[in-house]
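> starting from these lines, generate the structure:
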Amino acid sequence: MWRPPADNQEVSTPAHRLRRLVVASAIVAVAALLLARPETRPSALLRDFNAFYCAGAAIDRGADAYRAEPLGACERTPRPAAFGQGMANLAMPAPLPPYALAPFALLARLPYGPAATLWALILLAAFTLTVAAMQRLTGLPLPAVIAAFALVDGFASIALGQVAPFAIAAVAFAALLTEQGRDRAAAWVTAIAMIEPHVGLPAALALFVWRPQTRLPLALAGAFCIGLSLALTGLANNLEYVRAVLPAHAVSEIVNAKQFSLTYILHRFGLSDASALRAGNLSYLAMLALGIAVAPIVARRSSSSGLIVAFPVAAALFGGPFAHIVQMAAALPAALLLYARVPALRSTLGIAIAMLAVPWVQFSTLGTLFPILAALTTAAIVAYLVDRRPLAVAGAALLSLLFLVAANGLVTQLVPDPARLLAAQYDPRALAEASWGLYVRTVGTWNVAAFDLARLPTWLGIAAVACAGFILALRTELHTNLARS
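The predicted structure follows:
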């Protein structure tokens, strides 16, 4: 298997092993510090897990996991200190397909505290597997790979209790297995990424189209997911999910100031909600098809068949109707692979990785130490992947700090209390998206200048990765056509 040049490789020596131990100890120390004081902890810890846990509890009891009740009542149950819980007359949706909620139906049989702790440990294991797969696949220094994923795929996702680390770990391992020629195993692993359908679908379709040996495993995995969904919730609830929940959730998030979708951008420029959502859906389909179409060219040009899996995922995240910061981390496997295999793109991609590695848009919720962690992450990535000179590293760290200070400085509006409005319009029989959409339109549309600024590095980073792949494929085709002429 191809390896990057020697100056990017991590050589196993006593000094390097000691450095790895120091890095691991530092991560543990930082994690302990983050949990030591309330102001350094992320706010509403495991808030998304709370919704998933309650949806799993509803399924376990034979109830509809997509309706405001019993979902909302469960979310409002008092939780142990530091854990997030729901507010009155609000049901936070769990917009995953029934098969993806199956693990939470099992976790919901445990008390909330042990279930939340177990889930956090599972997410930490998924993050570790992602780092291990990408380090082996790219040969890049381990600290650089850790830094690329630590905040956005580790800290932010674990703080929320999200499912994205599973999908990202599956994409990373499927890319590694594809690189090793183990196509059937790659197909089974890719199926795990379908826990986040809009992340896993590009990888699964790319393998299905370009790797014939994956078709049967992918078909069997799809049949299993359908069968599991029907067994868990029945035909009516599955049809409700496809026909009602998915469209309603996309509508509820159109105005969310933390969204990274094309739909949100068009909304900000004044397009109607219906037109913005339609354009977002079309852009996802277009980028999905284009990413799959050029994936084998990108893989061939970079001598990395793993990009058949990883690149379509990054391309599909460029636009679309719905994407949060934790899903944007799914572009990092493609970014790191392109960086390792295409030397001509390293300057651009190194900066893009630094932009994608920090969840800038979460500046208001990840605790008081977040700016310091962002500066350290940026410095590490710049030092290993962009420019080792101390002045460049220090400048990058300072720039990230100043950027977050500027974003915080743009927070000038007091967010209104939605309690009275929610109480007046809460319908326990409606989809959870009804109260959630009302909540988002009340509190998620303030201080938009701050969040527009905070989204900018991530937008630029994902654009750089997608465009790098497309330009690489275009140049390859141009050279081929010129040679034939």
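
> hey, let's count contacts and neighbours off CA atoms from now on
Will do.

> for the stretch 201-350 of the chain, what spans make up the helices?
Shown for the stretch 201-350 of the chain, the helices assigned by DSSP state H, counting those that start in this stretch span residues 215-240, 246-252, 262-268, 273-302, 307-316, 325-328, 332-341, 346-357.

> tell me the most buried of the ones you listed?
helix 307-316 (a mean of 32; mean count of other CA atoms under 10 Å).

> now do that helix: everything it contacts.
171-172, 174-175, 178, 199-204, 206-207, 210, 284-285, 287-288, 290-292, 295-296, 298-299, 330-334, 337, 462, 465-466, 469 (CA atoms under 8 Å, 6 or more residues apart in numbering).

> and if you look at stretch 351-360?
147-152, 156, 325-326, 328-329, 332, 335-336, 374, 377-378, 381-382, 386, 404, 454-455, 457-458, 460-462, 464-465.

> do the same with stretch 376-388
8, 141, 143-144, 147-148, 151, 346-347, 350-351, 353-354, 357-358, 389-390, 392-394, 396-397, 400.

> in that stretch, what counts as buried?
Neighbour-count burial for stretch 376-388 flags 376, 377, 378, 379, 380, 381, 382, 383, 384, 385, 386, 387 (criterion: 16 or more other CA atoms under 10 Å).

> for this structure, longest helix please?
For the chain, the longest helix by residue count, based on DSSP state H, is helix 448-484.

> quick one: buried residues of it?
448, 450-455, 457-459, 461-466, 468-470, 472-473, 476.

> got it, and stretch 115-130?
For stretch 115-130, by 16+ other CA under 10 Å, it's 115, 116, 119, 120, 123, 124, 125, 126, 127, 128, 129, 130.

> now do the helix or strand hosting the second one, average pLDDT.
In this assignment (DSSP states H and E), residue 116 forms part of helix 112-138. Here helix 112-138 scores 94 as its mean pLDDT.

> for stretch 393-407, same thing?
pLDDT averaged over stretch 393-407 gives 95.

> for that stretch, buried residues please.
393, 394, 395, 396, 397, 398, 400, 401, 403, 404, 407.

> secondary structure element holding the residue lying closest to the first one once chain neighbours are set aside?
Excluding the flanking residues, the one nearest residue 393 by CA to CA, 6 or more residues apart in numbering is residue 379, at 5.1 Å. Element membership for residue 379 (DSSP H and E) is helix 370-381.

> dump the C-alpha coordinates for that helix into CSV.
Extracted in CSV, the C-alpha atoms of helix 370-381 (Å, rounded to 0.1, in the frame of the first residue of the first chain):
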residue,chain,number,x,y,z
PHE,A,370,-13.3,26.0,24.0
PRO,A,371,-11.3,28.9,22.5
ILE,A,372,-8.1,27.5,24.0
LEU,A,373,-8.9,24.1,22.7
ALA,A,374,-9.6,25.5,19.3
ALA,A,375,-6.3,27.4,19.3
LEU,A,376,-4.3,24.3,20.3
THR,A,377,-6.1,22.2,17.6
THR,A,378,-5.4,24.7,14.9
ALA,A,379,-1.8,25.0,16.0
ALA,A,380,-1.3,21.3,15.9
ILE,A,381,-2.7,20.9,12.5
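
> residue 329 touches residue 151, doesn't it?
No. Assessed by CA atoms under 8 Å, residue 329 is found out of contact with residue 151, at 9.7 Å.

> okay, those two: which has more neighbours?
residue 329 (28 against 24; other CA atoms under 10 Å).

> what residues are up against that one?
149, 152, 153, 168, 356, 357.

> ok, these vs residue 440, which is closest?
Set against residue 440, the nearest of the contacts of residue 329 by CA to CA is residue 152 (22.5 Å).

> can you tell me the closest non-neighbouring residue to that closest one?
Nearest to residue 152 is residue 359, by CA to CA, 6+ apart, at 5.2 Å.

> pop out the phi and psi values for the one you found.
phi -80, psi 70 (degrees, to the nearest 10).

> how much space between it and residue 55?
Counting by CA to CA, to the nearest Å, the gap from residue 359 to residue 55 is 26 Å.

> so between these two, which is more surrounded?
residue 55 (33 against 26).

> could you export the helix or strand where that one lies as CSV, CA atoms only?
If you go by DSSP H and E, residue 55 is part of helix 47-60. Output in CSV follows, covering the C-alpha atoms of helix 47-60 (Å, rounded to 0.1, in the frame of the first residue of the first chain):
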residue,chain,number,x,y,z
ARG,A,47,-29.0,16.9,24.9
ASP,A,48,-29.3,14.9,21.6
PHE,A,49,-28.9,11.6,23.4
ASN,A,50,-31.8,12.6,25.6
ALA,A,51,-34.0,12.7,22.5
PHE,A,52,-32.6,9.4,21.1
TYR,A,53,-33.0,7.7,24.5
CYS,A,54,-36.6,8.8,24.8
ALA,A,55,-37.4,7.7,21.2
GLY,A,56,-35.9,4.3,22.1
ALA,A,57,-38.0,4.2,25.2
ALA,A,58,-41.1,4.9,23.1
ILE,A,59,-40.3,2.1,20.7
ASP,A,60,-39.6,-0.3,23.6
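
> now the element after that helix, going C-ward?
Next element after helix 47-60 (DSSP H and E): helix 68-75.

> how much space separates the most centrally placed residue in the chain from residue 199?
The centre of the chain sits closest to residue 327, judged by CA atoms, centre = their mean, with a distance of 1.9 Å. The span separating residue 327 from residue 199 equals 7 Å under the rule CA to CA.

> next: residue 355.
Relative to residue 199, and taking CA to CA, residue 355 is found at 20 Å.

> what of residue 219?
Residue 219 is 18 Å from residue 199, by CA to CA.

> how about residue 425?
34 Å.

> who's more crowded, the two?
residue 199 (25 against 13).

> tell me which element that one falls in.
Per DSSP H and E: helix 197-210 holds residue 199.

> mind listing what's buried along that helix?
Result for helix 197-210 [16+ other CA under 10 Å]: buried residues 197-208, 210.

> now do stretch 438-446
Neighbour-count burial for stretch 438-446 [16+ other CA under 10 Å]: 438, 439, 440, 441, 442, 443, 444, 446.

> likewise stretch 130-141?
In stretch 130-141, counting by 16+ other CA under 10 Å, buried: 130, 131, 132, 133, 134, 135, 137, 138, 139, 140, 141.

> and it, how far out from the chain middle?
Mean-position distance between stretch 130-141 and its chain equals 18 Å (CA atoms, centre = their mean, to the nearest Å).
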